[in-house]
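Visitor: Sequence first, then the predicted structure, then my questions.
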Amino acid sequence: MKLIFIRHAEPDYSIDSLTAKGFREAELLAKRTSDWRVTQFYCSPLGRAIKTSEPTLKAHGKSAVIYDWLQEFRVPVSPEGRPDGKIIPWDFMPEYLNRYPKLLDSQAWWDTPVMKSGNVKEKYDEVAESFDKLLAGYGYIRDGLGYRTDHTQSSCDYMCYNGTTEECIRNHPDDEPVLVFFCHLGIMLCIMSHLINASPVTLWQGFFTPPSSVTVLSAEERIAGLSYFRCQMLGDTSHLRTQDELVSYYGGFAPPFQG
(Lines give C-alpha, C1' and ligand atoms only; values in the text may rest on other atoms or scores of the structure.)
Protein backbone atom coordinates (compact mmCIF):
# COMPACT_ATOMS: atom_id res chain seq x y z
CA MET A 1 0.00 0.00 0.00
CA LYS A 2 1.10 3.54 -0.79
CA LEU A 3 -0.32 6.56 1.04
CA ILE A 4 0.29 9.85 -0.80
CA PHE A 5 -0.39 13.07 1.07
CA ILE A 6 -0.60 16.30 -0.93
CA ARG A 7 -0.63 19.55 0.96
CA HIS A 8 -2.89 22.19 -0.56
CA ALA A 9 -1.23 24.70 -2.90
CA GLU A 10 -0.33 28.24 -1.83
CA PRO A 11 -3.40 29.44 0.09
CA ASP A 12 -5.42 32.59 0.26
CA TYR A 13 -6.65 32.01 3.80
CA SER A 14 -8.90 35.07 3.71
CA ILE A 15 -11.28 33.33 1.30
CA ASP A 16 -10.23 29.70 1.93
CA SER A 17 -9.00 29.30 -1.63
CA LEU A 18 -5.70 29.64 -3.51
CA THR A 19 -3.58 32.54 -4.64
CA ALA A 20 -2.81 32.99 -8.34
CA LYS A 21 0.46 31.20 -7.64
CA GLY A 22 -1.45 28.45 -5.84
CA PHE A 23 -3.59 27.80 -8.92
CA ARG A 24 -0.40 27.53 -11.01
CA GLU A 25 1.00 25.06 -8.49
CA ALA A 26 -2.18 22.95 -8.69
CA GLU A 27 -1.92 22.78 -12.49
CA LEU A 28 1.74 21.74 -12.34
CA LEU A 29 0.85 19.13 -9.74
CA ALA A 30 -1.83 17.73 -12.06
CA LYS A 31 0.75 17.25 -14.80
CA ARG A 32 2.96 15.36 -12.37
CA THR A 33 0.15 13.11 -11.16
CA SER A 34 -1.51 12.47 -14.53
CA ASP A 35 0.08 9.04 -15.01
CA TRP A 36 -0.25 7.87 -11.42
CA ARG A 37 -2.25 4.69 -10.89
CA VAL A 38 -4.53 5.81 -8.05
CA THR A 39 -6.98 3.52 -6.30
CA GLN A 40 -8.92 6.32 -4.59
CA PHE A 41 -8.66 10.06 -3.96
CA TYR A 42 -9.65 11.61 -0.62
CA CYS A 43 -9.93 15.29 0.22
CA SER A 44 -10.44 17.74 3.06
CA PRO A 45 -13.73 19.70 2.89
CA LEU A 46 -11.87 23.04 3.04
CA GLY A 47 -11.77 25.15 -0.09
CA ARG A 48 -8.00 25.38 -0.48
CA ALA A 49 -7.69 21.59 -0.51
CA ILE A 50 -10.62 21.15 -2.90
CA LYS A 51 -9.23 23.75 -5.33
CA THR A 52 -5.85 22.02 -5.26
CA SER A 53 -7.41 18.66 -6.05
CA GLU A 54 -9.57 19.78 -8.97
CA PRO A 55 -6.95 19.77 -11.79
CA THR A 56 -5.67 16.35 -10.75
CA LEU A 57 -9.15 14.88 -10.43
CA LYS A 58 -10.06 16.27 -13.84
CA ALA A 59 -6.93 14.70 -15.37
CA HIS A 60 -7.91 11.33 -13.90
CA GLY A 61 -11.60 11.63 -14.63
CA LYS A 62 -12.36 10.83 -11.00
CA SER A 63 -13.91 12.43 -7.93
CA ALA A 64 -12.64 12.48 -4.36
CA VAL A 65 -14.24 11.20 -1.17
CA ILE A 66 -14.61 14.14 1.23
CA TYR A 67 -13.97 13.53 4.93
CA ASP A 68 -14.48 16.18 7.61
CA TRP A 69 -11.67 14.70 9.71
CA LEU A 70 -9.17 15.53 6.93
CA GLN A 71 -9.59 19.26 7.50
CA GLU A 72 -6.84 21.14 9.31
CA PHE A 73 -6.09 20.07 12.89
CA ARG A 74 -7.06 23.33 14.56
CA VAL A 75 -7.78 22.44 18.19
CA PRO A 76 -7.06 25.53 20.35
CA VAL A 77 -4.84 25.26 23.41
CA SER A 78 -3.64 27.81 25.98
CA PRO A 79 0.07 27.64 26.84
CA GLU A 80 0.74 29.41 30.13
CA GLY A 81 2.65 32.62 29.78
CA ARG A 82 1.07 33.58 26.45
CA PRO A 83 -0.86 36.84 26.73
CA ASP A 84 -2.55 36.37 23.35
CA GLY A 85 -4.72 33.50 24.54
CA LYS A 86 -5.36 30.30 22.61
CA ILE A 87 -3.23 29.03 19.73
CA ILE A 88 -3.13 25.95 17.52
CA PRO A 89 -1.43 22.97 19.22
CA TRP A 90 1.46 22.82 16.78
CA ASP A 91 3.07 26.26 16.96
CA PHE A 92 5.21 26.28 20.09
CA MET A 93 8.28 28.38 20.75
CA PRO A 94 11.48 26.41 21.55
CA GLU A 95 11.53 27.48 25.20
CA TYR A 96 8.15 25.80 25.74
CA LEU A 97 9.50 22.50 24.39
CA ASN A 98 12.51 22.85 26.68
CA ARG A 99 10.17 23.33 29.62
CA TYR A 100 8.01 20.32 28.74
CA PRO A 101 10.13 17.67 26.96
CA LYS A 102 7.28 15.23 27.60
CA LEU A 103 5.63 16.79 24.54
CA LEU A 104 8.07 14.77 22.44
CA ASP A 105 7.22 11.48 24.17
CA SER A 106 5.13 9.29 21.85
CA GLN A 107 3.34 7.72 24.81
CA ALA A 108 2.74 10.83 26.92
CA TRP A 109 2.75 13.98 24.75
CA TRP A 110 -0.90 14.58 25.56
CA ASP A 111 -0.33 14.40 29.33
CA THR A 112 1.06 17.93 29.52
CA PRO A 113 -0.48 21.20 30.74
CA VAL A 114 -0.79 22.74 27.28
CA MET A 115 -2.44 19.72 25.67
CA LYS A 116 -4.80 19.34 28.59
CA SER A 117 -5.95 22.93 28.09
CA GLY A 118 -7.86 21.78 25.00
CA ASN A 119 -9.44 18.57 23.73
CA VAL A 120 -6.34 17.70 21.67
CA LYS A 121 -6.09 14.04 22.68
CA GLU A 122 -9.77 13.42 21.95
CA LYS A 123 -9.46 14.99 18.50
CA TYR A 124 -6.21 13.16 17.77
CA ASP A 125 -7.79 9.82 18.70
CA GLU A 126 -10.81 10.62 16.52
CA VAL A 127 -8.57 11.26 13.51
CA ALA A 128 -6.45 8.15 14.18
CA GLU A 129 -9.52 5.93 14.55
CA SER A 130 -11.06 7.37 11.37
CA PHE A 131 -7.88 6.73 9.41
CA ASP A 132 -7.58 3.19 10.77
CA LYS A 133 -11.18 2.50 9.77
CA LEU A 134 -10.37 3.66 6.24
CA LEU A 135 -7.27 1.42 6.05
CA ALA A 136 -9.27 -1.52 7.40
CA GLY A 137 -11.41 -1.28 4.29
CA TYR A 138 -8.29 -2.12 2.29
CA GLY A 139 -7.29 -5.04 4.49
CA TYR A 140 -4.91 -3.25 6.88
CA ILE A 141 -6.08 -3.77 10.48
CA ARG A 142 -4.37 -1.86 13.30
CA ASP A 143 -2.69 -4.25 15.72
CA GLY A 144 -0.53 -2.58 18.36
CA LEU A 145 2.05 -0.45 16.58
CA GLY A 146 1.57 -2.08 13.17
CA TYR A 147 -1.13 -3.35 10.83
CA ARG A 148 -2.23 -6.92 10.29
CA THR A 149 -2.90 -7.68 6.65
CA ASP A 150 -5.40 -10.23 5.42
CA HIS A 151 -3.54 -10.78 2.16
CA THR A 152 -0.18 -12.18 1.13
CA GLN A 153 2.19 -9.77 -0.54
CA SER A 154 4.90 -10.71 -3.01
CA SER A 155 8.47 -11.55 -2.17
CA CYS A 156 9.48 -7.97 -2.88
CA ASP A 157 11.07 -7.39 0.54
CA TYR A 158 13.24 -10.47 0.10
CA MET A 159 14.23 -9.36 -3.39
CA CYS A 160 15.12 -5.87 -2.14
CA TYR A 161 17.78 -7.38 0.08
CA ASN A 162 18.86 -10.38 -1.98
CA GLY A 163 18.08 -9.56 -5.61
CA THR A 164 18.38 -6.66 -8.02
CA THR A 165 16.36 -3.44 -8.27
CA GLU A 166 14.76 -4.78 -11.47
CA GLU A 167 13.69 -7.97 -9.68
CA CYS A 168 12.24 -5.89 -6.84
CA ILE A 169 10.19 -3.75 -9.22
CA ARG A 170 8.90 -6.79 -11.10
CA ASN A 171 7.65 -8.32 -7.87
CA HIS A 172 5.54 -5.35 -6.78
CA PRO A 173 1.88 -6.39 -7.14
CA ASP A 174 -0.04 -4.41 -9.75
CA ASP A 175 -3.09 -4.26 -7.50
CA GLU A 176 -1.28 -2.52 -4.61
CA PRO A 177 -3.67 0.13 -3.20
CA VAL A 178 -2.52 3.69 -3.84
CA LEU A 179 -4.49 6.26 -1.82
CA VAL A 180 -4.08 10.00 -2.39
CA PHE A 181 -5.09 12.56 0.25
CA PHE A 182 -5.45 16.29 -0.47
CA CYS A 183 -5.23 17.95 2.93
CA HIS A 184 -3.19 20.25 5.18
CA LEU A 185 0.16 20.43 6.95
CA GLY A 186 -1.07 19.96 10.52
CA ILE A 187 -3.49 17.09 9.86
CA MET A 188 -1.05 15.31 7.54
CA LEU A 189 1.67 15.29 10.22
CA CYS A 190 -0.92 14.23 12.80
CA ILE A 191 -1.82 11.17 10.71
CA MET A 192 1.82 10.42 9.96
CA SER A 193 2.66 10.44 13.67
CA HIS A 194 0.00 7.78 14.21
CA LEU A 195 1.30 5.67 11.33
CA ILE A 196 4.95 5.75 12.42
CA ASN A 197 4.23 5.79 16.18
CA ALA A 198 5.80 9.14 17.06
CA SER A 199 4.62 12.12 19.06
CA PRO A 200 2.70 14.48 16.75
CA VAL A 201 4.61 17.35 18.37
CA THR A 202 7.87 15.86 17.06
CA LEU A 203 6.51 16.04 13.53
CA TRP A 204 4.66 19.35 13.95
CA GLN A 205 7.78 21.03 15.31
CA GLY A 206 10.37 19.11 13.32
CA PHE A 207 9.12 18.94 9.74
CA PHE A 208 7.89 21.39 7.10
CA THR A 209 6.18 20.41 3.86
CA PRO A 210 5.59 23.27 1.38
CA PRO A 211 2.30 24.02 -0.36
CA SER A 212 1.43 21.53 -3.14
CA SER A 213 4.20 19.18 -1.96
CA VAL A 214 4.02 15.39 -2.18
CA THR A 215 4.67 13.04 0.75
CA VAL A 216 4.66 9.26 0.35
CA LEU A 217 4.39 6.53 2.98
CA SER A 218 4.68 2.87 2.09
CA ALA A 219 3.52 -0.21 3.97
CA GLU A 220 6.40 -2.63 4.42
CA GLU A 221 5.44 -6.25 5.05
CA ARG A 222 8.82 -7.73 5.95
CA ILE A 223 7.05 -10.38 8.02
CA ALA A 224 4.07 -12.02 6.34
CA GLY A 225 0.81 -10.61 7.61
CA LEU A 226 2.24 -7.62 9.50
CA SER A 227 2.96 -4.21 7.98
CA TYR A 228 4.61 -1.06 9.26
CA PHE A 229 4.59 2.27 7.47
CA ARG A 230 7.75 4.10 6.45
CA CYS A 231 8.08 7.54 4.87
CA GLN A 232 9.67 7.26 1.42
CA MET A 233 9.34 10.90 0.36
CA LEU A 234 8.60 14.04 2.38
CA GLY A 235 7.47 17.40 1.03
CA ASP A 236 8.72 16.87 -2.52
CA THR A 237 8.20 19.84 -4.87
CA SER A 238 9.98 18.63 -8.01
CA HIS A 239 6.90 19.51 -10.10
CA LEU A 240 7.55 23.16 -9.15
CA ARG A 241 11.33 23.30 -9.36
CA THR A 242 11.53 21.66 -12.79
CA GLN A 243 9.14 24.31 -14.13
CA ASP A 244 10.91 27.29 -12.50
CA GLU A 245 8.03 27.85 -10.06
CA LEU A 246 9.29 28.99 -6.67
CA VAL A 247 8.53 26.88 -3.58
CA SER A 248 6.15 28.73 -1.26
CA TYR A 249 6.93 29.42 2.41
CA TYR A 250 3.41 29.20 3.93
CA GLY A 251 3.60 27.30 7.21
CA GLY A 252 7.34 27.74 7.71
CA PHE A 253 9.46 30.31 9.50
CA ALA A 254 12.51 30.29 7.20
CA PRO A 255 12.86 30.69 3.42
CA PRO A 256 12.39 27.29 1.75
CA PHE A 257 15.25 25.75 -0.24
CA GLN A 258 14.79 26.52 -3.94
CA GLY A 259 17.42 24.16 -5.36
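Guide: Yes, it's here.
Visitor: list the contacts for residue 181?
Guide: 3-6, 41-43, 70, 188, 191 (CB atoms under 8 Å, 6 or more residues apart in numbering). (Glycine included, C-beta is placed from N, CA and C.)
Visitor: Show me the residues you listed that map onto helices.
Guide: The members of those that map onto helices under DSSP state H are 188, 191.
Visitor: Next up, phi/psi of the residue nearest to residue 86 when sequence neighbours are not counted, please.
Guide: Using CB to CB, 6 or more residues apart in numbering and skipping residues adjacent in sequence, the residue nearest residue 86 is residue 76, 3.8 Å away. Dihedral pair for residue 76: phi -70, psi 140, per degrees, to the nearest 10.
Visitor: so who does the residue nearest to residue 185 when sequence neighbours are not counted touch?
Guide: Spatial nearest neighbour of residue 185, chain neighbours left out: residue 251 (4.9 Å); criterion: CB to CB, 6+ apart. Going by CB under 8 Å, 6+ apart, residue 251 touches 185, 208-211.
Visitor: swap the cut-off to 10 Å and go again
Guide: Residues in contact with residue 251 (CB atoms under 10 Å, 6 or more residues apart in numbering) are 7, 11, 90-91, 184-186, 208-211.
Visitor: so how far is residue 21 from it?
Guide: Plainly put, residue 251 is 15 Å away from residue 21 if you go by CB to CB, to the nearest Å.
Visitor: Would you state the helices of the chain in chain order?
Guide: 20-33, 47-60, 94-99, 113-116, 120-136, 156-162, 165-170, 185-196, 200-206, 238-241.
Visitor: Minimum distance to residue 216: which of those helices has it?
Guide: helix 185-196 (10.8 Å; CB to CB).
Visitor: Taking their axis directions, the closest one and helix 120-136 sit at what angle?
Guide: 70 degrees (axes from the mean of the first three to the mean of the last three CA atoms, to 10 degrees).
Visitor: rewinding a little: okay, now the residue nearest to residue 86: neighbour count?
Guide: 13 (other CB atoms under 10 Å).
Visitor: now stretch 104-120: how far from the chain's centre is it?
Guide: 21 Å (CA atoms, centre = their mean, to the nearest Å).
Visitor: what does stretch 68-84 give?
Guide: 19 Å.
Visitor: Look up how far residue 92 lies from the closest residue in space to residue 130 that isn't next to it in sequence.
Guide: Closest residue in space to residue 130, ignoring its immediate chain neighbours: residue 69 at 4.6 Å, by CB to CB, 6+ apart. Look at residue 69 and residue 92: by CB to CB, they are 23 Å apart.
Visitor: now residue 77
Guide: On the measure of CB to CB, residue 77 and residue 92 end up 9 Å apart.
Visitor: Show me the common contact partners of these two, please.
Guide: What both residue 77 and residue 92 touch, as defined by CB under 10 Å, 6+ apart, is the set residue 114.
Visitor: Can you give me the neighbour number for the closest residue to residue 193 other than its chain neighbours?
Guide: Leaving aside its sequence neighbours, residue 193 sits nearest to residue 200 (CB to CB, 6+ apart; 4.0 Å). Neighbourhood size, residue 200 [other CB under 10 Å]: 27.
Visitor: Can you check what pLDDT the model gives residue 200?
Guide: Per-residue confidence at residue 200 stands at 97 (pLDDT).
Visitor: can you pull the buried residues of stretch 48-64?
Guide: Residues of stretch 48-64 classed as buried: 48-57, 59-60, 64 (neighbour count, 16 or more other CB atoms under 10 Å).
Visitor: Check whether residue 248 really touches residue 212, as I assumed.
Guide: Yes - with contact defined as CB atoms under 10 Å, residue 248 reaches residue 212; the gap is 7.7 Å.
Visitor: the more surrounded of these two?
Guide: The neighbour count for residue 248 versus residue 212, taken as other CB under 10 Å, is higher for residue 212 (29 against 22).
Visitor: So that one versus residue 32, what's the distance?
Guide: Distance from residue 212 to residue 32, by CB to CB: 9 Å.
Visitor: next one: residue 73
Guide: Taking CB to CB, one finds residue 73 at 26 Å from residue 32.
Visitor: The two - which one has more neighbours?
Guide: residue 73 (24 against 20).
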